[in-house]
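> Sequence first, then the predicted structure:
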Amino acid sequence: MHFGKVSIHKRESENIYLLGIETSKEIIKNFQPGQFIKIKINYRLDPLIPRPFTVHAVEENNFYILYQIKGKGTKALSKLKEGEEVEFLAPLGKPFPVLQNYVICAGGIGIAGFGYLLQCANSKNRFKPPDAIFYGARSKSELVRLEFLSEFKIPLEIATDDGSAGYKGFITDLIEEELKKEHKDILACGPLPMLKKIAEIGKKYKVRTYLVMETFLACGIGFCRGCVIPLKKGGYIHLCVDGPTFLAEEIDLETIS
Amino acid sequence: MRLSVNLNGLKLKTPLMLASGTWGLGDNIDKFFTKEEVETYIGAFVTKGISVNPREGNPPPRLCETPCGLINSIGLENPGIKEFKAKYLPMLKIYNIPIVVNLHGEKIEEFLELVEALKEEEIEGIELNISCPNVKKGGISFSSDPKAVEDLVKEVRKSWDNFFAVKLSPVGAVFEIAEICQKQDVDAIVVANTYPALGVINLKPLKIIKGGLSGPAIKPLTLRLVYELSQRIDISIIGCGGIISGKDALEYLFCGARAFQIGTANLIDPRNVIKIIEELKTFEI
Ligand SMILES: Cc1cc2nc3c(=O)[nH]c(=O)nc-3n(C[C@H](O)[C@H](O)[C@H](O)COP(=O)(O)OP(=O)(O)OC[C@H]3O[C@@H](n4cnc5c(N)ncnc54)[C@H](O)[C@@H]3O)c2cc1C
Ligand SMILES: Cc1cc2nc3c(=O)[nH]c(=O)nc-3n(C[C@H](O)[C@H](O)[C@H](O)COP(=O)(O)O)c2cc1C
Ligand code: FES
């Protein structure tokens, strides 16, 4: 585990927080977009297992995660104060694939990992900027980091379930409209029903479709074999070492609930 | 305190063994430890359970966290003995520490086939898993059937001269099976595997996981088993259940264990191994 110090901890919406961790450049220089960290929460026995979060952004010797409160782990995490020491394991998992003509699709907290992708694409490394960002949430108040996202000057399409911002309805409707006009690959992260819909759309328009998947993780490093995702051809793949990003056509989404 | 232990010929530099299934097959050790650290801190490496044929393991969900514990239902995912020998064993042998192969079979013949396949390899020991709660026809029947264990252990002892341990289930005929192991010249018993448990992942619709409970939640239970077995039976005991600190390990050593294994602690932090041994060293005993 590496050590770091909370440099910023800020509420971004009712239950989404931005947590900045100051650590050494040596550690951060190995981070790639799409990879995640596992953070130990308060040295307690409960929750026992450190929780995984995608790298949201990087700035000099700080990295950021953007997280949503789900249960006891994230609730305890939200109590961390600036200046407190944290322990984490990183970087874990495989980076996002390098795509050329593609769009990003984020549902809710699924936006988290794309911040760092945009930063990397902006600094002209091997990652390329997407043609557009499609970002959906339940309502306007749950859309976070809009200012940060707008810095990259990439078209941002918004949808909310209640119509309080952008298009009223699912973000997948907007993606489908876009693909009707021009075929583009998709990189998507968000709730499972959204990912299932994206996989359908990707198949219909015959574009390469990548999905960022989630499961409960224990080790996060391939030891325990606990994080399996079923494959269409049979057998399993391990989210923590082979993922979390997978080609939609390879995974058996129907059996995942 | 003095750390080295001799378990009926199995020489451990430290009493800490990596419990089966929590460090995979050792193919990732170099990402977390230097060679020197491995050889300084890890008494012995115990592999994930190996079966004759490859096993895909159970469908998800395979894990569920509970207060201070973890339920797993991995279903013994492993590449099978042939690939283990060809691909993984050479990577483990880079390190100058004893290798103990954890074996899983559903019938006596399968265990014997595994033992036969390992005879030509330079490995220090085997550990029979007769206690996995996560395979349907599997070990659980052994742990409630002392006669079957007796037949199994007798046959394995005949064909395996090196270190030979049997890993017990904490439930079932524990004392009877421990006595059988002693009588049949088994070198050590590992006390114990996980406890059969159930976790609720979702209420509506109900989504549950049936598996084995490990971690700090089980420590007082397994500690009692170790203590009571050590009072009654004269066989080396390797304590295993819920150790995540040097103090936990010390409690096991004082309550009758000669060595200990750590499992869930590795999943929390792979470098817990070092923390535990460093803490153990500070006790003046
Ligand atoms: C690679 C990866 C990256 C992630 N990145 C982010 C991120 O950037 N931001 C973010 O907010 N979140 C992210 N997550 C999700 C985040 O890790 C979880 O929301 C968090 O661990 C929840 O912890 P908790 O203790 O708060 O909730 P928990 O108490 O663990 O419960 C959360 C929910 O999960 C359910 N659950 C518990 N165990 C299981 C199981 N075995 N299978 C299925 N469901 C289960 C519970 O019933 C509950 O509804 C990521 C997850 C992964 C795997
Ligand atoms: C993810 C996981 C996988 C395991 N796989 C095996 C296995 O293949 N064979 C075995 O004998 N025990 C297996 N175990 C049991 C552990 O080796 C150990 O006996 C148990 O977890 C109790 O120790 P702990 O509380 O330190 O984890 C596994 C445990 C976990 C958590
Ligand atoms: S979480 Fe342990 S192997 Fe993936």
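Thanks, I have it. Residues are numbered from 1 along each chain as shown, chains lettered A, B, ... in the order given. Ligands and ions are numbered 1, 2, ... in the order given.

> Which positions in chain B make contact with chain A?
B:21-24, B:27-28, B:31-32, B:48, B:56-57, B:59-65, B:67-70, B:72, B:74, B:77, B:207, B:215-216, B:244, B:264, B:266-271 (Cβ under 8 Å from any Cβ of the partner chain). C-beta: built from backbone N, CA, C; applies to glycine.

> Make a PyMOL selection of the buried ones in these.
Here is the PyMOL command that selects only those of the residues of chain B next to chain A that count as buried (16 or more other Cβ atoms under 10 Å in any protein chain shown):
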select buried, chain B and resi 21+22+23+24+28+32+48+57+60+61+62+63+64+65+68+69+70+72+74+77+215+216+244+264+266+267+268+269+270
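
> out of the residues of chain B next to chain A, who's near ligand 2?
Contacts with ligand 2 within these, as defined by Cβ under 6 Å from any ligand atom: B:G21, B:T22, B:K48, B:L70, B:N72, B:I74, B:G215, B:T264.

> Among those, which ones are in strands?
The strands, defined by DSSP state E, take in B:L70, B:N72 from those.

> Which members of the ones next to ligand 2 among the residues of chain B next to chain A are the farthest-apart pair?
Spanning the widest gap among those are B:K48 and B:G215, at 17.9 Å by Cβ to Cβ.

> Look up the pLDDT of the closest residue in space to B:K35 that isn't next to it in sequence for me, please.
With Cβ to Cβ, 6 or more residues apart in numbering or on different chains as the criterion, B:K35 has its nearest non-adjacent residue at 6.4 Å, and that residue is B:Y95. As predicted, B:Y95 sits at a pLDDT of 96.

> of all of the stretch 1-150 of chain B, which residue lies closest to chain A?
Nearest to chain A, among the residues of the stretch 1-150 of chain B, is B:L63, at 4.0 Å (Cβ to the nearest Cβ).

> What strand or helix carries the residue lying closest to that residue once chain neighbours are set aside?
Spatial nearest neighbour of B:L63, excluding adjacent residues (Cβ to Cβ, 6+ apart): A:G226 at 4.0 Å. A:G226 is part of no helix or strand, with elements assigned from DSSP states H and E.

> Ok, B:A148 next?
B:A148 belongs to helix B:146-159, assigned by DSSP H and E.

> Can you name the element that comes right after that helix?
Next along the chain from helix B:146-159, counting by DSSP H and E, comes strand B:163-168.

> show me where the stretch 101-250 of chain A has strands.
A:102-107, A:132-137, A:156-160, A:167-168, A:185-189, A:209-212, A:228-230, A:236-238, A:245-247 (DSSP state E, counting those that start in this stretch).

> Mind putting those strands into CSV with mean neighbour count?
Converted to CSV, those look like this (neighbours: other Cβ atoms under 10 Å in any protein chain shown):
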stretch, mean neighbour count
strand A:102-107, 26
strand A:132-137, 25
strand A:156-160, 19
strand A:167-168, 14
strand A:185-189, 24
strand A:209-212, 24
strand A:228-230, 22
strand A:236-238, 18
strand A:245-247, 19
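
> Identify whichever of the ones you listed lies nearest to ligand 1.
Shortest distance between ligand 1 and these, using Cβ to the nearest ligand atom, is found for strand A:209-212: 7.6 Å.

> Show me what that closest one is packed against.
strand A:185-189, helix A:192-204, strand A:245-247 (3 or more Cβ pairs under 8 Å, 6 or more residues apart in numbering or on different chains; DSSP states H and E).

> Chain A against ligand 1: which residues are in contact?
So chain A meets ligand 1 at A:36, A:47, A:51-54, A:65-68, A:70-74, A:93, A:109, A:112-113, A:214-217, A:244 (Cβ under 6 Å from any ligand atom).

> hmm, try it at 5 Å
Residues of chain A found near ligand 1 (Cβ under 5 Å from any ligand atom) are A:36, A:51-54, A:67-68, A:70-74, A:109, A:112, A:214, A:216, A:244.

> What's the ChimeraX syntax to select whichever of the residues you listed are buried?
Buried subset of those, written as a ChimeraX selection, criterion 16+ other Cβ under 10 Å:
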select /A:36,51,52,53,54,67,68,73,74,109,112,214,216,244
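
> Contacts only, for B:G69.
A:L48, B:A197, B:L213, B:S214, B:G215, B:P216, B:A217, B:I218, B:T264 (Cβ atoms under 8 Å, 6 or more residues apart in numbering or on different chains).

> brain fart, A:F134
Contacts for A:F134 (Cβ under 8 Å, 6+ apart) come out as A:V103, A:I104, A:C105, A:A106, A:E157, A:A159, A:I171, A:L174, A:I175, A:E178.

> go on, B:V38?
B:V38 neighbours (Cβ under 8 Å, 6+ apart): B:I29, B:Y95, B:I97.

> and it, that one's in a helix?
Yes - B:V38: assigned to a helix according to DSSP: H, G, I helix; E, B strand; the rest coil.

> before we move on, the earlier item: give the contact list for the residue nearest to B:K35.
B:I29, B:K35, B:V38, B:E39, B:I42, B:F45.

> what's the most distant pair in those residues?
Most distant of the contacts of B:Y95, by Cβ to Cβ, are B:K35 and B:F45, 13.0 Å apart.

> Show me which of the two is the more surrounded one.
Higher neighbour count among B:K35 and B:F45: B:F45, with 22 against 13, using other Cβ atoms under 10 Å in any protein chain shown.

> Tell me what that one is bridged to.
For B:F45, the beta-bridge partners are B:L18, B:I99 (DSSP bridges).

> got a pLDDT number for it?
97.

> Just say helix, strand or coil for the closest residue to ligand 3 within the stretch 151-285 of chain B.
Taking Cβ to the nearest ligand atom as the measure, the stretch 151-285 of chain B has B:L267 as its residue closest to ligand 3, at 6.7 Å. Assigned by three-state DSSP, the conformation of B:L267 is helix.

> So the closest residue to ligand 1 within the stretch 151-257 of chain A versus A:L66, what's the distance?
Proximity of the stretch 151-257 of chain A to ligand 1 (Cβ to the nearest ligand atom) peaks at A:F216, 3.4 Å away. Note on A:F216: its distance to A:L66, by Cβ to Cβ, to the nearest Å, is 20 Å.

> before we move on, which element is the residue in the stretch 1-150 of chain A positioned nearest to ligand 3 in?
Among the residues of the stretch 1-150 of chain A, A:P52 lies closest to ligand 3, at 8.6 Å counting by Cβ to the nearest ligand atom. Secondary structure assignment for A:P52, by DSSP H and E: strand A:51-54.

> that older thread, what's the closest of the helices and strands packed on strand A:209-212 to chain B?
With Cβ to the nearest Cβ as the criterion, chain B lies closest to helix A:192-204 of the helices and strands packed on strand A:209-212, at 12.6 Å.
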